[in-house]
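Asker: coordinates only, sequence not included:
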């Protein structure tokens, strides 16, 4: 199965996120986030360590891109969003 890349590219036209990072982000936006978050909150051994590593990598890349190209302020601050219970 091919995963369509998120259309964020660097100056050379290369996608910023690789296929595994895109897939990890897409999985995280489903109900699977519960299975990903719970072990992290409980500080347990994680049953999905590779998924968590790809999520971490994707978030780091997106944060770095936001600092360089995003809507940050002169102080280097920017908005980060996270899930809300409801």
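Answerer: Alright, I've got the coordinates. Bear in mind that the values here come from a model prediction, so they are computed numbers and not experimental data.
Asker: what about residue 28, how many residues nearby?
Answerer: 19 (other CB atoms under 10 Å). To be clear about C-beta, it is placed using only N, CA and C from the backbone, and glycine gets the same treatment.
Asker: and the pLDDT for it?
Answerer: pLDDT, residue 28: 92.
Asker: by mean pLDDT, which helix or strand of this structure comes out lowest?
Answerer: Lowest on mean pLDDT, DSSP states H and E among the helices and strands of the chain sits helix 49-69, with a mean of 86.
Asker: would you state the helices of the chain in chain order?
Answerer: 19-28, 33-42, 49-69 (DSSP state H).
Asker: go through those and name the closest to residue 13.
Answerer: Smallest distance to residue 13 across the helices of the chain (CB to CB): 14.5 Å, for helix 49-69.
Asker: which strands or helices does the least confident helix or strand of the chain pack on?
Answerer: Contact here means 3 or more CB pairs under 8 Å, 6 or more residues apart in numbering; DSSP states H and E; on that basis helix 49-69 packs against helix 19-28, helix 33-42.
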